[in-house]
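1. Give me a 3D structure for the following:
(chains A and B)
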2 protein chains.
Amino acid sequence: PDWTVIEQDGIRRLERVFTFKNFAQALAFTNKVGELAEEEGHHPSIALEWGRVGVVWWTHAIHGLHRNDFIMAAKTDKVYDSMH
Amino acid sequence: PDWTVIEQDGIRRLERVFTFKNFAQALAFTNKVGELAEEEGHHPSIALEWGRVGVVWWTHAIHGLHRNDFIMAAKTDKVYDSMH
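-> Below you'll find the predicted structure:
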């Protein structure tokens, strides 16, 4: 429910912002999402700041959203939930 | 020389984009910059993508740029150079 479809550079993408209590937690989450991305061979953009991580999924090959992006979003949520 | 002053949300910031040969290298750099940030108690925003990391420094307390941001930018360059 917290993911929204955004359009950036003419490409539809899925975005969610996750919050954390400090920078270290945000960085730890970034690493977990990075690990997931490497496992799946599908890479998001990740905007890391103190207490905040924005994750954006889209499919480069089709310049837009594919079913797999929604699966990756759900997996990203699981990573976040596992830390809370 | 590769840092530029940008204005975002009315705040002047220092930005540089670093390139890498894959996602793993970009994530490794993100972690090194994160480690530096924690050591110095000063945190940038980091935009991580496959093969690319954007780093932005500014000083929250003064809503702009402080001498320390330029020092952090130079330290970020050193981190990058140490990986190449």
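
2. Most remote residue from the middle of chain A, which is it?
-> Going by C-alpha atoms, centre = their mean, the residue of chain A most distant from its centre is residue A:10, 18.9 Å out.

3. Tell me how far that one lies from chain B.
-> According to C-beta to the nearest C-beta, to the nearest Å, residue A:10 and chain B sit 17 Å apart. For the C-beta atoms, the positions are set from N, CA and C on the backbone; glycine is no exception.

4. With residue A:83 instead?
-> Using C-beta to the nearest C-beta, one gets 16 Å for the distance from residue A:83 to chain B.

5. Please tell me I have it right and that residue contacts residue A:33.
-> No. Counting by C-beta atoms under 8 Å, residue A:33 is not a contact partner of residue A:83; they are 10.7 Å apart.

6. The two: which has the busier surroundings?
-> Ranked by neighbour count (other C-beta atoms under 10 Å in any protein chain shown), residue A:83 and residue A:33 place residue A:33 first, with 25 against 11.

7. Could you measure from the more buried one over to chain B?
-> In this view, residue A:33 and chain B are 9 Å apart by C-beta to the nearest C-beta.

8. Model confidence for that residue, exactly?
-> Listed pLDDT for residue A:33 reads 98.
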